[in-house]
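Asks: Below: sequence and its predicted model.
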Amino acid sequence: MTVLNVDTRVGLFRIIRHIEGGLLADTYEVFDEEDKETFALKVLKRDFVEMTGFSDRFHRECQVISQLENDAVVSLDRFDIAKWKHWICYEYFEGFEMDGTTVRTLRDYLKVNPTGLEEEEAVFLVAQILQAVEQAHGIGLLHRNLKPSNIMLRRGEDDRLEVKIADFAMARIVGEETFSGLWQAGEEEFREYLASPEEGAEEIAEEQSAQLGPAAETWMFRSPEERSGQEGEEASDLYAVAAIAYWSLFGEPFPEDREIRLSADLNSGWLAWLLRCTEENPTDRFADVGEALAQLPRPGTALRYAEMPFEREGHHAEGLASPYRESDERSTDGAEANLREAEQKKKAFKPWATLLIFLSVISLFSYGCWELYRTAFPSPFAIYKCDGFDDYYTLKFGVYEGEVQWRGKFDGEIRSASGQWTKDDEGHFNVRISLLRRRLPENDSNAPAFRAVDAIFKKQTSLDERAKEKRYKRWIDVIDYDSDSNRFLLIKRLQAEGEFFPGRDKEGRIKLFDPRAFEQEGMERVQIYFNPFNPDAKN
């Protein structure tokens, strides 16, 4: 197809420039002369539009795609036909500059990072992709062409990358058979890419990646069943996401032999997650994208998959010995005598009594351990609320350290965050909290994407420290626990700006002040406590 010239009119749009040519369409930056806004316009290639019944299918499929609304999906703004030009209008992504390259897609971003991304960043991106695909599957819509060049990127206000998936169900518009013939032609080019020398400068890998055509890129992320000629299904989209995740982590295509070698700094759960998503048989993969999202490994911990049951229904261990020995035979001789002997043994042995004694001993032992723990530590189930503040803490179980949950006001709204407590040499609890300054689109702190971000800030060495400080508000509360009264005394709060101590201002309000305020401004020092709090109690 001939690329349309600059200033060509397509409906109300005026073409500003040609952005890229894809497998199915050419993408242009256009200006809406009526609304005075810039959009991205995909014009399908003329080879498709001349097929019988194509215009009807185009309108029908675009109507379905327009129903998909998600913060991680490039929304279909408008669609229509102008002469032979079947066009779809999308939100325009201007891109951002990085190392002299304009980054608009994940493919662009991976070219700038040829050896892969930091684990935290990869988790965050993959979580957003999975969440958008899950919603699409919920309305019966498959993508069928997930690949890095269809993952649009932009930087948010807090400098974090935001994902938008483009070209949902474009394969349905041109037809499965036509689409399959197009991307299968890219296998040879992909084989040549794999045969390129592994050793050498990173510039070689970047140049090869730049030359990899749309057909070859599409082939790279097709599932085994699609490569064998079967129609794609939900599990095929999941395979593509896993292949994208692998490229994001390692900077290279997912190996066809599925031989994965993880570096020591990655969560070992990636191995099981990637293998499960890419099983040869689609029914052996995760049941759905939602399950894959729930099991997505967190950065910096190997425990997530250690707790996952891998034995699937219908797969049973073989070779276990029978509980009965072959030499054991039941004799009928002296049956009455054997029966009387069994009855006597039954009366003599009372299993319920033994069980009751056992449980009593365990209960007493557990109670003793609990009371011993409570002499020095707060209850890991209690919520402690700070007097005069909206801060709440729950210190989880631990001896030298443990997790902590915080809830309180930040920038005028109630927020929640996780952190860690430790005990210092003086016996004080140091409660460390890291709070994301800006919420995700969801308000639900249990949402999978929020959990992914929550995991991101727990690893302290992988991201640039200055970027972290822009994203998070961090502080340490030094508190002292009084087991007799079961409450905490707030001693001070440590922040990047310095130490702050509890006090009362001249209007009687309790706040945290710099030590100089007590000397220079005459603020009154006060003691404030965290006391047990029952959120269900009625006032």
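Replies: Now that the structure is in, tell me what you want to look at. Being a predicted model, the structure only gives us computed values, none of them experimental.
Asks: Contact partners for Tyr246?
Replies: Listed by Cβ atoms under 8 Å, 6 or more residues apart in numbering, the contact set of Tyr246 reads 252-254, 260, 274. C-beta here means a position set from N, CA and C on the backbone, and glycine is covered the same way.
Asks: And Ala382, by the same measure?
Replies: 394, 486, 532-533.
Asks: likewise Thr394?
Replies: By Cβ under 8 Å, 6+ apart, the neighbours of Thr394 are 380-384, 404-405.
Asks: Just the buried residues out of these, in ChimeraX syntax.
Replies: Buried subset of the contacts of Thr394, written as a ChimeraX selection, criterion 16 or more other Cβ atoms under 10 Å:
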select :383,384,404
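Asks: Where does the prediction get shaky in the stretch 1-150 of the chain?
Replies: Counting by pLDDT under 70, the stretch 1-150 of the chain contains low-confidence ranges at 1.
Asks: Which stretches in it count as strands?
Replies: Along the stretch 1-150 of the chain, counting by DSSP state E, counting those that start in this stretch, strands occupy 9-10, 13-21, 25-32, 37-44, 76-82, 85-91, 96-98, 101-103.
Asks: Kindly present the ones you listed as a markdown table, with separate columns for mean neighbour count and distance to Asp514.
Replies: Converted to a markdown table, the strands of the stretch 1-150 of the chain look like this (neighbours: other Cβ atoms under 10 Å; distance: least, Cβ to Cβ, whole Å):
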| stretch | mean neighbour count | distance to Asp514 |
| --- | --- | --- |
| strand 9-10 | 15 | 62 |
| strand 13-21 | 16 | 53 |
| strand 25-32 | 20 | 52 |
| strand 37-44 | 20 | 48 |
| strand 76-82 | 17 | 52 |
| strand 85-91 | 20 | 46 |
| strand 96-98 | 12 | 39 |
| strand 101-103 | 16 | 42 |
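Asks: Throw those into TSV and include distance to Ile165, thanks.
Replies: Converted to TSV, those look like this (distance: least, Cβ to Cβ, whole Å):
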stretch	distance to Ile165
strand 9-10	24
strand 13-21	16
strand 25-32	15
strand 37-44	14
strand 76-82	12
strand 85-91	11
strand 96-98	18
strand 101-103	16
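Asks: of those strands, which approaches Asp424 most closely?
Replies: Closest of these to Asp424 is strand 96-98, at 42.1 Å (criterion: Cβ to Cβ).
Asks: how far does stretch 506-515 sit from the chain's center?
Replies: In terms of Cα atoms, centre = their mean, to the nearest Å, the centre of stretch 506-515 is found 41 Å from the chain centre.
Asks: Ends of that stretch, what's the gap?
Replies: 16 Å (Cα to Cα, to the nearest Å).
Asks: quick one: contacts of it?
Replies: Contact partners of stretch 506-515, identified using Cβ under 8 Å, 6+ apart, comprise 387-389, 493, 498-505, 522-523, 526, 528.
Asks: Kindly recompute the last result at 7 Å.
Replies: Under the criterion Cβ atoms under 7 Å, 6 or more residues apart in numbering, residues 388, 493, 498-505, 523, 526, 528 lie in contact with stretch 506-515.
Asks: repeat for stretch 489-505
Replies: 386, 428, 475-480, 482, 510-515, 518, 523-530.
Asks: and if we set it to 6 Å?
Replies: 475-480, 510-513, 523-526, 528-529 (Cβ atoms under 6 Å, 6 or more residues apart in numbering).
Asks: Nearest to Glu37 among those?
Replies: Trp475 (42.5 Å).
Asks: Direction included, what does the helix or strand harbouring that closest one pair up with?
Replies: For Trp475, the host element (DSSP states H and E) is strand 472-482. Paired with strand 472-482 in the same sheet, following DSSP bridges, are strand 429-436 (antiparallel), strand 487-495 (antiparallel).
Asks: what pLDDT, on average, does stretch 486-495 get?
Replies: For stretch 486-495, the mean pLDDT works out to 86.
Asks: now, which of the contacts of Thr394 lie within strands?
Replies: Using DSSP state E, the subset of those located in strands is 383-384, 404-405.
Asks: mind putting these in TSV, distance to Leu364 included?
Replies: Listed next are those as TSV, based on distance: Cβ to Cβ, whole Å:
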residue	distance to Leu364
Ile383	28
Tyr384	29
Val404	30
Gln405	31
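Asks: With distance to Gln135 and pLDDT added, can I get these in TSV?
Replies: As requested, those are exported to TSV (distance: Cβ to Cβ, whole Å; pLDDT from 0 to 100):
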residue	distance to Gln135	pLDDT
Ile383	34	84
Tyr384	38	82
Val404	33	85
Gln405	28	83
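Asks: Among those residues, which one lies nearest to Pro224?
Replies: Distances from Pro224 to the ones in strands among the contacts of Thr394, taken by Cβ to Cβ, are shortest for Gln405, at 43.2 Å.
Asks: Not counting residues beside it along the chain, what's closest to that closest one?
Replies: Thr394 (4.4 Å; Cβ to Cβ, 6 or more residues apart in numbering).
Asks: Assign a three-state SS to the one you found, would you?
Replies: strand (DSSP: H, G, I helix; E, B strand; the rest coil).
Asks: hang on, isn't Ile88 packed against Leu41?
Replies: No - the pair Ile88 and Leu41 does not pass the contact test of Cβ atoms under 6 Å, sitting 7.3 Å apart.
Asks: Tell me where the stretch 151-300 of the chain has strands.
Replies: Using DSSP E, counting those that start in this stretch, the strands assigned to the stretch 151-300 of the chain run over residues 151-155, 161-165.
Asks: could you check the distance from the residue most central in space within the chain over to Ile383?
Replies: Using Cα atoms, centre = their mean, the residue of the chain that lies closest to the mean C-alpha position is Ala127, 3.0 Å off. The spacing between Ala127 and Ile383, counted by Cβ to Cβ, to the nearest Å, is 29 Å.
Asks: what does Ala240 give?
Replies: Going from Ala240 to Ile383 by Cβ to Cβ gives 43 Å.
Asks: before we move on, back to that, tell me the one of the ones in strands among the contacts of Thr394 nearest Arg160?
Replies: Nearest to Arg160 among these, with distances taken as Cβ to Cβ, is Gln405, at 23.1 Å.
Asks: nearest to Phe179, of the contacts of Thr394?
Replies: Set against Phe179, the nearest of the contacts of Thr394 by Cβ to Cβ is Gln405 (48.3 Å).
Asks: partner residues bridging the closest one?
Replies: Beta-bridge partners of Gln405, as defined by DSSP bridges: Thr394, Ser418.
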